[in-house]
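# need a structure here:
(2 chains)
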Amino acid sequence: MKKTRILTSWRYPGNWPFFRFDDRLLLILMAAIVGNFSGLASVALNRSLVMMSEWLHHFRHDWWVFVLPAVGAALSSLFLEKVVKEGAGHGVPEVIYSVSRYGGLLRFRSSFSRLISSCLTIGSGGSAGPEAPVVISGAAIGSNIAKYFSLNDRQRVTLVGCGAAGAISSIFNAPIAGMVFAIEVIVGEWKSVNIVPIAIASVAGTEISRILQGNQIPFSHHLFNIDLLNIFASIGLAVLSAAAAILLTRMLRSMHTVSHKVSAPIWIRAAMGGCAVGVIGLFLPVVLGEGYHTVKILIEGEYGQVLAVVALASFAKIAATALTLGWGGSGGIFAPCLVIGSLIGVTYHHLLSLLWPSVSWVNEGYYALLGMAGLISGMLQAPLTGIFLIIEITGGWEVILPLIMVSAVTTTLCHYFEPASYYLKDLVEHGHLLRPGTDARVLSDLNVTELIEKDCIIVNQSMLLRDFITIIKKSHRNYFPVEDDQTGNFLGIIHLDDIRPYLFDPVMYDAVFLGQIMNTQVEVVHPDDDLLDVVRKMDMKGLFSMPVVINNRFLGLISKATILDQYRKELMVQTTH
Amino acid sequence: MKLTIHEVAQCLRLPVSTVERWIRQGRIPIQKAENGYLFNESTLEKWAAMYKLPFSIPEKVNTVPQQAKMENLLPSMKRGGLLYDIKGGDVETVLKNAVENIHYLSTTIKEILYTNLLEREQLTSTGIGKGVAIPHPHDPLEDMIKNSIISTCFLEKPIDFNAVDGQPVFVMFILLSPSTKIHLHLLSRLSFCIRENAFVEFLKTTPDSTAFFSNIVDFENRLKKGEHH
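A predicted model of the protein is given here:
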């Protein structure tokens, strides 16, 4: 007996006396494990993308090459739909949704499904990024490790953040960006209890990628010599990249709507989108794939095309991304954002040189870099993620001032037109975004059964008012539910305020039955009702109490006083540090 | 003392389902193990203090006897006793003589009581009709008496008590209680008896203590039945 307990107790580290009150060390340990695994997942995706593109390189010059993205998108959508039975899309909203609603529970298959599907989409030339797929993989790895060790919801959410951080850190070799992304976008809660493990996971993820792929800055660039004029000019770029971000968001959504109107199987739709991307790719090859190579060239200022071509390429990339993702391909928007951003930056540089040829503008790589920051910040509406990501993947500490400015301006401008970011829009629309410590979160965590008060005296409709008065004497409540004495069904409720005049009229005592004075038009609550709806109903109708009824049976009362009491305790537990 | 999860919920004044959810969500330092829950009481107390949540072990011992303390009419009436032939022609003298004769009380209390009773009479008469009066102090004699007392005083001759129905009063129930709650409890029971005309007629016969108390026992039984109904 004792032996088995020792053998099994390692799977319940949360129960070890040492971790019971303070689990920070435990979380750090777990975070390192999760960071390693999610780092491995992103290295795996990265390697397979490289392999795919090398393998398909031979066919690049055949005439039928434009169907490749179609085949890839169709296969990826078939895989998601039929084999692993998961929805299309890039996965980040799913992670945020699960963090909001289910304490970070994610299915095990999510840890590899998006890797395979996005590898098919992107490797074949679809315009999408590998980052969102590794984020959901890392998150699912974190969630399942937490499940394996029987950790609780809070710890699991932290590990989900760790997985996301490890994945982003590993794929970009950017530990700070991974950390900031996980906290700003995924967890949404700046608490040291989250920050520390997530930072450790970032370190682990980055280290894994450095060991396996070497330590190099993905998009290195020449040093820029920036003067004040160029810093001010970057504000114009911020406006332009905000416009591009809004255009991309709107196009993604409208493509999604359009594709759903086509009555064809989901994989045919994906193939149609992929085919369109392939056709664009015939003329502008920059739109194909995740586009890291393109970004590299743009940052180094070696893209050598005229204004019209660059501008067209920006639009083409936006369209290709919308076609790939909106029509059912699988992948993220991170990498396309980087490509679009750098294209927009170069376009802006060309525009400036055209308008003021005498001014010595900095190299176009500078604007490409700022454009990337603008696009990321605008799409994600996460300015810190944009700033740190670009700084780390380009190593461009000397541009930090204009970078911060562009990120701030773009985020703000995008917020005017699209109040919720691309990741959060659907969640916000369905009321699924529940950040800790918010009203919606508190109300969704509490449920009706926790608030039921059962100390009501139940009466029946054939009772005389005289008998009811002796019951009032004993009760300390103002509400009396009325049940049918035969069936036990809930009929209505008596509120003392409503019957006060009769109470002092002895003539009525033997003449009135409760069935005659009860209120049958009552709003009732079901135990499974969302508390948000219950509170809204109470506010609208000016009610203070509502009966909880299930299958015509009265269960108890729910009142504003108890809601306030519990709400306060819940808020204190959720927000105090 | 080892607490159960239900007791923890009681300590926090929360439903058990909330505590269980907090355990699942990891908001409270309690771990779920295969057979029950693992926690340390002092850590839990520290945790509650950190989050400014109320945490105290509910006092079960104290709540039960307080309800049992509410005495009924009979013991109070036995303590106060029956007083016959109280002399006097007006309210003051009658009260003075009656208070003098309550043996249960010490002399100092008697004096205070007398002034208190007079003050109360000046506010409005305690003659509640049908020839009955229930003199009592306005505020309960909290520190001076431990138990409630009802002295039944039969007057030598009916006197004008300025009662609500104008009838001269022939019997007084001097009602003393240590708290307002007990006062109201006894007053309501007493008025239940007096509401019945047969009882008033019975009082008019100036009954002896045995007959009087057995009558009160009857009333108590009827009241008890009513409560259980």
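
# A:Leu45 is in contact with A:Val135, isn't it?
No: between A:Leu45 and A:Val135 there is no contact under Cβ atoms under 8 Å: 11.0 Å. Just so you know, the C-beta spots here come from the backbone N, C-alpha and C atoms, and that holds for glycine as well.

# higher neighbour count, the two?
A:Val135 (34 against 26; other Cβ atoms under 10 Å in any protein chain shown).

# now the more buried one. Nearest residue, chain neighbours left out?
Distances taken as Cβ to Cβ, 6 or more residues apart in numbering or on different chains place A:Ala164 nearest to A:Val135, at 4.8 Å, with adjacent residues excluded.

# the helix or strand where the one you found lies packs against which elements?
Taking DSSP states H and E as the criterion, A:Ala164 maps to helix A:153-172. On a contact count with 3 or more Cβ pairs under 8 Å, 6 or more residues apart in numbering or on different chains; DSSP states H and E, helix A:153-172 meets helix A:24-56, helix A:92-101, helix A:131-148, helix A:175-181, helix A:192-213, helix A:383-394, helix B:16-25.

# tell me how far the nearest residue to A:Phe108 once chain neighbours are set aside lies from A:Ser137.
Excluding the flanking residues, the one nearest A:Phe108 by Cβ to Cβ, 6+ apart is A:Asn144, at 5.0 Å. Distance of A:Asn144 to A:Ser137, computed by Cβ to Cβ, to the nearest Å: 11 Å.

# what do these two both touch?
Common contact partners of A:Asn144 and A:Ser137 (Cβ atoms under 8 Å, 6 or more residues apart in numbering or on different chains): A:Ser111.

# of these two, who's got more company?
The neighbour count for A:Asn144 versus A:Ser137, taken as other Cβ under 10 Å, is higher for A:Ser137 (30 against 23).

# hang on, that one packs against A:Gly166?
No: taking contacts as Cβ under 8 Å, A:Ser137 lies outside contact range of A:Gly166: 10.0 Å.

# what's in contact with the helix or strand harbouring B:Gln122?
For B:Gln122, the host element (DSSP H and E) is helix B:107-123. Contacts to helix B:107-123, defined as Cβ under 8 Å, 6+ apart, come from residues B:91-92, B:95-96, B:99-100, B:102, B:105, B:126, B:135-139, B:141, B:144-145, B:174, B:176.

# so, low pLDDT: which residues of chain B?
By pLDDT under 70, the weakly predicted segments of chain B are B:1-2, B:59-69, B:226-229.

# could you pull out the strands for it?
Assigned by DSSP state E, chain B shows strands spanning B:31-33, B:36-38, B:82-86, B:127-129, B:132-133, B:149-159, B:169-176.

# check contacts around the residue nearest the centre of chain B.
In chain B, the centroid-proximal residue (Cα atoms, centre = their mean) is B:Ile182; its distance is 1.3 Å. Each residue near B:Ile182 by Cβ under 8 Å, 6+ apart is listed here: B:70-71, B:140, B:148.

# kindly report the same for A:Gly437.
With contact set as Cβ under 8 Å, 6+ apart, A:Gly437 has these partners: A:189, A:571, A:574-575.

# where's it relative to A:Val95, distance?
Distance, A:Gly437 to A:Val95, by Cβ to Cβ: 19 Å.

# with A:Arg500 instead?
From A:Arg500 to A:Val95 the distance is 55 Å (Cβ to Cβ).

# neighbour-wise, which of these two wins?
A:Val95 (30 against 9).

# what number of residues lie near the nearest residue to the more buried one once chain neighbours are set aside?
Closest residue in space to A:Val95, ignoring its immediate chain neighbours: A:Ala139 at 4.5 Å, by Cβ to Cβ, 6+ apart. Applying other Cβ under 10 Å, we find 35 residues neighbouring A:Ala139.

# how close does A:Ala139 get to chain B?
Remark: distance between A:Ala139 and chain B (Cβ to the nearest Cβ, to the nearest Å) = 18 Å.

# who's in contact with that residue?
Counting by Cβ under 8 Å, 6+ apart, A:Ala139 has contacts A:38, A:95, A:98, A:104, A:106, A:110, A:160-161, A:163-164, A:167, A:186.

# and with 10 Å instead?
Shown in contact with A:Ala139 (Cβ atoms under 10 Å, 6 or more residues apart in numbering or on different chains): A:34, A:38, A:91-92, A:94-96, A:98-99, A:104, A:106, A:110-111, A:157, A:159-167, A:182, A:186.

# how about A:Ser98?
Contacts of A:Ser98 by Cβ under 10 Å, 6+ apart are A:104-107, A:110, A:136, A:139-140, A:143, A:156-157, A:160, A:432.

# could you do A:Ile186 as well?
A:92, A:95-96, A:99, A:104, A:135, A:138-139, A:157, A:160-165, A:168, A:194, A:198, A:423.

# surely it forms part of a helix?
Yes: counting by DSSP: H, G, I helix; E, B strand; the rest coil, A:Ile186 is part of a helix.

# with adjacent residues omitted, what lies nearest to it?
Nearest to A:Ile186 is A:Ala164, by Cβ to Cβ, 6+ apart, at 4.8 Å.

# okay, now the one you found: neighbour count?
Residues lying near A:Ala164 (other Cβ under 10 Å) number 39.

# I'd guessed it sits against A:Val185; true?
Yes: in this structure, A:Ala164 is within contact of A:Val185 by Cβ atoms under 10 Å, at 8.0 Å.

# export only the CA atoms of the lengthiest helix in chain B, formatted as CSV.
In chain B, assigned by DSSP state H, the helix with the most residues is helix B:209-228. Output of helix B:209-228 as CSV, limited to C-alpha atoms (Å, rounded to 0.1, in the frame of the first residue of the first chain):
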residue,chain,number,x,y,z
SER,B,209,-52.8,30.1,42.6
THR,B,210,-53.4,26.4,41.8
ALA,B,211,-56.5,27.1,39.6
PHE,B,212,-54.7,30.1,38.0
PHE,B,213,-51.5,28.2,37.1
SER,B,214,-53.4,25.3,35.7
ASN,B,215,-55.3,27.7,33.5
ILE,B,216,-52.0,29.2,32.2
VAL,B,217,-50.7,25.7,31.5
ASP,B,218,-53.8,25.1,29.3
PHE,B,219,-53.0,28.3,27.4
GLU,B,220,-49.4,27.3,27.0
ASN,B,221,-50.4,24.0,25.5
ARG,B,222,-52.7,25.6,23.0
LEU,B,223,-50.0,28.1,22.0
LYS,B,224,-47.6,25.2,21.5
LYS,B,225,-50.1,23.4,19.3
GLY,B,226,-50.5,26.6,17.2
GLU,B,227,-46.8,26.9,16.7
HIS,B,228,-46.5,23.4,15.4
